[in-house]
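**Q** here's my sequence, what's the structure:
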Amino acid sequence: MEFGKEREYSPGPIVLFGSGETSPSGRKIFESVFRRLPEGPLVALLETPAGFELNSSEVIGRVGDFIAHRLRNYRPQVVIIPARKRGTEFSPEHPAIVEPVYSADMIFMGPGSPTYAVRQLKGSLAWGAILARHRLGAALVLASAAVVAISAYALPVYEIYKVGEELHWKQGLNLFSHYGLRLVFVPHWNNNDGGQALDTSRCFMGWARFSRLIELLPPNLTIIGIDEKTGLVIDPRTGECEVVGLGGVTLIHTGQPHEGAFSASELQDVGLEDVALNRQGHVHYFNSSESFSLNQLGPFRVPQASSGLAVDIWQHALEVQHAEHDRADAEVRPPPEVLHMVQQREKARDEKDWPAADRLRAQLERLGWRVKDTQAGSVVERYDPENEG
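**A** Here you go, the predicted model:
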């Protein structure tokens, strides 16, 4: 790869949990991500959405323990990013706190408050680093509050459900604006914690209240509801989305006519189609294991690698990426003295000086390199005698 060519960069997958990231179904979703990552991946877990909680380290620590133990076959290296609150020693603007993000193979954010996460991250060094690393291929895995926060308009769950504020929306981090999409994400779509007495679906808003919330949104966007213990895997490289887990994903288009809408009889949600039609839109529903094109969400496009990113953040992300590749190459690229010995051995073989060739082979193995003789010439590779046999 020539690192100076932006067109050769491609973003990593984006995985959105409706809930249940530490459940058995969540483990399977995580495994689908880890299979795409390098061996022994670095996993960065951000505290930010729960940064206002006194036990925010414990909140994210539970996810870290789950990954470290339940996914140990992938040998993850877990690092906690305590980017809790601006203006403190644990600020998302603190370079030393944010630095591990630049090396992460997977970045995770989860429980907490969506609006708090937006306030702390919007325009921050941490958010810029997340975007830059994701553009360079890191997987971005989000759950609960973090899923809401990346929307174009974030649902203020605590403010409405717990405090009783009037129905409203807040500006979100708008992650997918870089991809030409205007999306609103609603996890816990089919939540039933309230039982028969209280409708807690639609991220605890209930259907009646959420239908009014939809009317408050501007036109020409897509609402994406993700069921409990369900993940939506979005791959910008292929332009495909896949539903995984126990439930499904609901798309409500508003003011975006195109073919393929489902009829009301095919939906489990009474009144859902009417709400969409009132906004000159329609509804899709996708079950687990079903896939659909990102173009179903709007006019999808992959941005240039550095588009919308601060120059200094992008340059630092590139520098870290280059250094990592250089270190990886150094681990497998023979040093000059080894290559010189290989050339000497080839000369000895050409002269049929077999004892000299054998001595050079033995010396190379003591240095940790093995020579293989092929029709195309000598090939040298790393050699560890302790792991042989």
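**Q** show me the domain layout of this protein.
**A** Listed by automatic domain parsing, the domain ranges of the chain are 6-321, 334-387.
**Q** of those, which stretch is the most buried?
**A** domain 6-321 (a mean of 19; mean count of other CB atoms under 10 Å). C-beta here means a position set from N, CA and C on the backbone, and glycine is covered the same way.
**Q** from Trp127, how far off is the residue positioned nearest the centre of the chain?
**A** Nearest to the geometric centre of the chain sits Leu140, at 1.1 Å (CA atoms, centre = their mean). Taking CB to CB, to the nearest Å as the measure, Leu140 falls 11 Å from Trp127.
**Q** surely Gly64 touches Gln77?
**A** No - with contacts counted by CB atoms under 8 Å, Gly64 stays clear of Gln77, the gap being 10.8 Å.
**Q** any shared contact partners between those two?
**A** Residues touching both Gly64 and Gln77 by CB atoms under 8 Å, 6 or more residues apart in numbering: Val43.
**Q** beta partners for His282?
**A** Beta bridges link His282 to His253, judged by DSSP bridges.
**Q** report the contact partners of Ala126.
**A** 46, 48, 81, 83, 92-93, 97-98, 101.
**Q** and stretch 34-44, how far apart are its ends?
**A** End-to-end span of stretch 34-44 (CA to CA, to the nearest Å): 13 Å.
**Q** quick check: mean pLDDT across that stretch?
**A** Confidence over stretch 34-44 (mean pLDDT, whole number) is 93.
**Q** grab the nearest non-local neighbour of Ser306.
**A** Spatially, and ignoring its direct neighbours in sequence, Ser306 is nearest to Trp314 (4.4 Å; CB to CB, 6 or more residues apart in numbering).
**Q** so which helix or strand takes in Gly128?
**A** Per DSSP states H and E: Gly128 is located in helix 125-135.
**Q** just to revisit the earlier point, and the domains of the chain as CSV, adding distance to Arg327?
**A** Output for the domains of the chain, formatted as CSV (distance: least, CB to CB, whole Å):
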stretch, distance to Arg327
domain 6-321, 11
domain 334-387, 14
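**Q** mean pLDDT lowest for which of the ones you listed?
**A** Of all the domains of the chain, mean pLDDT reaches its minimum on domain 334-387 (a mean of 82).
**Q** run the chain-centre distance for that domain.
**A** 43 Å (CA atoms, centre = their mean, to the nearest Å).
**Q** can you check stretch 64-71 too?
**A** Centroid separation between stretch 64-71 and its chain, computed with CA atoms, centre = their mean, is 17 Å.
**Q** likewise for stretch 296-309?
**A** Here stretch 296-309 shows a centroid-to-chain-centroid distance of 16 Å under the convention CA atoms, centre = their mean.
**Q** ok, then the element right after the helix or strand encompassing Gln315?
**A** Counting by DSSP H and E, the element that carries Gln315 is helix 311-332. Using DSSP H and E, the helix or strand that follows helix 311-332 in sequence is helix 336-350.
**Q** return the alpha-carbon coordinates of that next one using CSV.
**A** Backbone C-alpha positions of helix 336-350 (Å, rounded to 0.1, in the frame of the first residue of the first chain) are rendered in CSV as follows:
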residue,chain,number,x,y,z
PRO,A,336,20.7,-6.5,5.7
GLU,A,337,23.2,-8.8,7.4
VAL,A,338,20.8,-11.7,7.0
LEU,A,339,20.2,-11.0,3.3
HIS,A,340,24.0,-10.8,2.9
MET,A,341,24.4,-14.3,4.5
VAL,A,342,21.7,-15.6,2.2
GLN,A,343,23.6,-14.3,-0.8
GLN,A,344,26.8,-15.9,0.4
ARG,A,345,25.0,-19.2,0.8
GLU,A,346,23.6,-19.0,-2.7
LYS,A,347,27.1,-18.4,-4.0
ALA,A,348,28.4,-21.4,-2.0
ARG,A,349,25.7,-23.5,-3.5
ASP,A,350,26.5,-22.3,-7.0
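**Q** all helices for the stretch 101-250 of the chain, in order.
**A** Along the stretch 101-250 of the chain, the stretches classed as helices by DSSP state H, counting those that start in this stretch are 114-121, 125-135, 145-149, 157, 201-204, 207-216.
**Q** residues in contact with the closest residue to Gly308 other than its chain neighbours?
**A** Nearest non-adjacent residue to Gly308, counting by CB to CB, 6+ apart: His178, 5.4 Å away. By CB under 8 Å, 6+ apart, His178 lies in contact with 131, 303, 307-308.
**Q** ok, Pro13 - contacts?
**A** Pro13 neighbours (CB under 8 Å, 6+ apart): 33, 36, 139-140, 233-237.
**Q** that one and Arg35, how far apart?
**A** 11 Å.
**Q** what's the answer for Lys352, then?
**A** According to CB to CB, Lys352 and Arg35 sit 49 Å apart.
**Q** all strands of the stretch 101-250 of the chain, in order?
**A** 106-109, 139-143, 153-154, 170-171, 183-186, 221-226, 230-235, 240-245, 249-254 (DSSP state E, counting those that start in this stretch).
**Q** export those to CSV and append columns for distance to Gly368.
**A** As requested, those are arranged in CSV below (distance: least, CB to CB, whole Å):
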stretch, distance to Gly368
strand 106-109, 31
strand 139-143, 33
strand 153-154, 53
strand 170-171, 55
strand 183-186, 50
strand 221-226, 49
strand 230-235, 38
strand 240-245, 42
strand 249-254, 50
